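**Student:** sequence unknown, structure follows:
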């Protein structure tokens, strides 16, 4: 087996995309949502002048720490977070279809970044962290395309920052993507696998 039986891996996230990334890599893990007040953490971080990448790291660590307290000291808990930044503006998951449409119009024809942070927590402390920032350029799609896209995706556009799923119909929105595909989905896989090998979780 590539993965050793111990320590147990726990993903501190309810994200289907992140779960799919780990599952596709053949990792055995459990997933548990971390109930943290993301809005309050972001507000505090911005007040302190933290960057999007620093804020994503703070959020990822808060999630990992929260779940680690429930998972026990033996577990290796993976926390992740992602913040979309375009022209200095931070974007959150849209609240409804109207917000998704407004967000996509703001991103249309522009290049944005996805500050994507990972933090691993074990034995009551942080043992590893990593940040990647993929850059994505949306094409200047038509209003007719946007209407068709939103109708086809439905509530799925509410599940991610940016109101798109690159692994699905969201790919039609883009002219260029620079960065690891898994990082765009919210979990930089190759750096994580490197850490897990170095930590003795995976065979080298």
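**Tutor:** Arrived safely, thanks for sending. Please read these numbers as outputs of a predicted model, since none were measured by experiment.
**Student:** from here on, contacts and neighbour counts on C-alpha atoms
**Tutor:** OK.
**Student:** And for the biggest helix by length in the chain, what's in contact with it?
**Tutor:** Looking across the chain with DSSP state H, the single longest helix is helix 52-71. The contact list for helix 52-71 (Cα atoms under 8 Å, 6 or more residues apart in numbering) reads 10, 12-13, 32-36, 38, 41-42, 45-46, 75-83, 85, 90, 115-122, 124-126, 129, 131, 133.
**Student:** Sort out which of these are buried, if you could.
**Tutor:** 10, 12-13, 32, 34, 38, 41-42, 45, 75-83, 85, 115-122, 129, 131, 133 (16 or more other Cα atoms under 10 Å).
**Student:** How about the secondary structure of residue 186?
**Tutor:** Here residue 186 is recorded as coil under DSSP: H, G, I helix; E, B strand; the rest coil.
**Student:** Contacts only, for it.
**Tutor:** Residue 186 makes contacts with 17-18, 80-82, 116, as judged by Cα under 8 Å, 6+ apart.
**Student:** Could you dump these into a markdown table with pLDDT added?
**Tutor:** Below are the contacts of residue 186 laid out as a markdown table (pLDDT from 0 to 100):
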| residue | pLDDT |
| --- | --- |
| 17 | 93 |
| 18 | 96 |
| 80 | 97 |
| 81 | 96 |
| 82 | 96 |
| 116 | 97 |
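**Student:** Next, the contact list for the closest residue to residue 13 other than its chain neighbours, please.
**Tutor:** Spatial nearest neighbour of residue 13, excluding adjacent residues (Cα to Cα, 6 or more residues apart in numbering): residue 33 at 4.5 Å. By Cα under 8 Å, 6+ apart, the contact set of residue 33 is 12-14, 67.
**Student:** From residue 111, how far out is residue 33?
**Tutor:** Per Cα to Cα, to the nearest Å, residue 33 is found 30 Å from residue 111.
**Student:** now the farthest one out in this protein, which residue is it?
**Tutor:** When distances are taken from the C-alpha mean of the chain, residue 144 lies farthest, 29.1 Å away, according to Cα atoms, centre = their mean.
**Student:** For it, what are phi and psi?
**Tutor:** phi -60, psi -40 (degrees, to the nearest 10).
**Student:** so what secondary structure elements neighbour the worst-scoring helix or strand of the chain on mean pLDDT?
**Tutor:** Using mean pLDDT, DSSP states H and E, helix 38-47 stands out as the lowest-scoring helix or strand of the chain, at a mean of 92. Applying 3 or more Cα pairs under 8 Å, 6 or more residues apart in numbering; DSSP states H and E, we find helix 38-47 packed against helix 52-71.
**Student:** Average pLDDT for the helix it packs on, rounded please.
**Tutor:** Across helix 52-71, the average pLDDT comes to 95.
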